Each structure stands twice: as C-alpha cells, then as structure tokens.
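Asks: any chance you can model this:
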Amino acid sequence: MNDDADSSVSAIDFHTLRCAFKSLVAEGLLPEATWVDHAEEMVRDLTGSSAVDPEIILRIIRK
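Replies: Okay, the predicted model is just below:
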C-alpha cells in the first residue's frame with residue numbers, strides 16, 4: 001500500500017465517491033457513527049494510500 005501523503009483525488013473521483021457515499025446514507029445502509037471510517041476506507045481503496053486528507057473526508061460526509 002502506498003503511504004504517499006500526496007495521493008490526490010480528482011474532481012470526478014471526488015464526485016463519484018460523494019455520490020456513492022450519499023446513496024449509502026440515503027438508503028439507510030450506513031449508520032452515522034460509521035461515516036468517517038467508511039469514507040476513509042473509500043478514499044484508501046481509490047488512492048491506494050493509507051494517508052487520507054481529513055479535509056476530503058469532511059467534504060465527503062458533509063450533509
């Protein structure tokens with residue numbers, strides 16, 4: 001796994017992640033207590049990096 005802190009997420013990838021996340025929330029499949037962990041895992045899966053920018057996570061889970 002890449003530990004590069006500069007692993008970035010493109011605008012289109014961010015939009016895709018956010019839409020997928022919002023769908024999970026809307027369908028009741030993701031309890032609020034797990035939002036941060038799940039969003040971090042989504043970004044890690046996409047980037048291959050264990051380092052995740054907390055600002056991206058906050059933007060993904062923003063209501």
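Asks: where do the strands sit along the protein?
Replies: With DSSP state E, there are no strands along the chain.
Asks: can you list the weak-confidence ranges in it?
Replies: Where the chain drops to pLDDT under 70, the residues are 1-7.
Asks: CA atoms of the longest helix anywhere in it as PDB?
Replies: Longest helix in the chain, counting residues (DSSP state H): helix 11-26. Extracted as PDB, the C-alpha positions of helix 11-26 are listed here (Å, rounded to 0.1, in the frame of the first residue of the first chain):
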ATOM      1  CA  ALA A  11     -12.700  16.200  -9.100                       C
ATOM      2  CA  ILE A  12     -14.500  13.400 -11.000                       C
ATOM      3  CA  ASP A  13     -13.400  10.800  -8.500                       C
ATOM      4  CA  PHE A  14     -14.400  13.000  -5.600                       C
ATOM      5  CA  HIS A  15     -17.900  13.500  -7.100                       C
ATOM      6  CA  THR A  16     -18.200   9.700  -7.600                       C
ATOM      7  CA  LEU A  17     -17.200   9.000  -4.000                       C
ATOM      8  CA  ARG A  18     -19.500  11.600  -2.600                       C
ATOM      9  CA  CYS A  19     -22.500  10.400  -4.700                       C
ATOM     10  CA  ALA A  20     -21.800   6.700  -3.700                       C
ATOM     11  CA  PHE A  21     -21.500   7.800   0.000                       C
ATOM     12  CA  LYS A  22     -24.700   9.800  -0.100                       C
ATOM     13  CA  SER A  23     -26.500   6.900  -1.700                       C
ATOM     14  CA  LEU A  24     -25.500   4.600   1.100                       C
ATOM     15  CA  VAL A  25     -26.600   7.100   3.700                       C
ATOM     16  CA  ALA A  26     -30.000   7.800   1.900                       C
END
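Asks: contact partners of it?
Replies: Helix 11-26 is contacted from outside by 9, 30, 32, 35, 38-39, 42-43, 46, 56, 59-61, using CB atoms under 8 Å, 6 or more residues apart in numbering. C-beta: built from backbone N, CA, C; applies to glycine.
Asks: same check, this time on stretch 55-63
Replies: Against stretch 55-63 from outside (CB under 8 Å, 6+ apart): 9, 14, 17, 18, 21, 35, 36, 39, 40, 42, 43.
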